[in-house]
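**Q** this one's structure only:
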């Protein structure tokens, strides 16, 4: 009789422990899903911030361009836009709008909803998506930089300011160096931002796997 009672008590305690572990896993999954959704929301807000900065920059360029001669030292704060200035402005706006459109697509397509799949699958999918998105963004940024150089040299040749390959001049080399520094700075900034978010999701995945293994 005592043996039967001991078995019944052991079975009851085992069932209670299983229930507690299941409840604990459910709570952990809920918490990790909330954290994941919050992190993804921050990433989407970053995209929106980039779009806002780009739009402000384009607007300021439109306003400043007609008075650029004055800012460069010419007399008179009058509205003046030469053909070369208009061509530069239109080119800048076209490239700028392409960049805005690129980030708008990423912003619109970025899904912060966490599916009802298990947490491990969800986190692994999001980590892969972020790594793929980083590669896409880096390729796009580099492509834009190369396009700016090609369009700039083509426009210069069209306006009669030298041949396409005539780049070994101090002003052009300085501009290229400045552009390259800006490109490198932006790439480093974006890589750090992506890696910080990827590290967070990998940390959440580690928490889940540690708990699931116990």
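**A** In hand now; what should we look at? Since this is a predicted model, take the numbers as computed values, not measurements.
**Q** CA atoms for contacts and neighbours, from now on please.
**A** Will do.
**Q** Without its sequence neighbours, what residue ends up closest to residue 40?
**A** Leaving aside its chain neighbours, residue 40 sits nearest to residue 112 (5.2 Å; criterion: C-alpha to C-alpha, 6 or more residues apart in numbering).
**Q** Return the residues in contact with that neighbour.
**A** Residues in contact with residue 112 (C-alpha atoms under 8 Å, 6 or more residues apart in numbering) are 37, 38, 40, 41, 44.
**Q** which one of those residues has the most neighbours?
**A** residue 40 (21 neighbours; other C-alpha atoms under 10 Å).
**Q** Can you classify that residue as helix, strand or coil?
**A** Secondary structure assignment for residue 40 (DSSP: H, G, I helix; E, B strand; the rest coil): helix.
**Q** per-residue confidence at it?
**A** At residue 40, the model reports a pLDDT of 88.
**Q** ok, now how distant is it from residue 52?
**A** Look at residue 40 and residue 52: by C-alpha to C-alpha, to the nearest Å, they are 19 Å apart.
**Q** tell me which element the closest residue to residue 119 other than its chain neighbours is part of?
**A** Using C-alpha to C-alpha, 6+ apart and skipping the chain neighbours, the partner closest in space to residue 119 is residue 29 (6.1 Å). Taking DSSP states H and E as the criterion, residue 29 maps to helix 2-64.
**Q** Kindly report the same for residue 174.
**A** helix 170-213.
**Q** Just name whatever secondary elements that helix is in contact with.
**A** helix 2-64, helix 119-158 (3 or more C-alpha pairs under 8 Å, 6 or more residues apart in numbering; DSSP states H and E).
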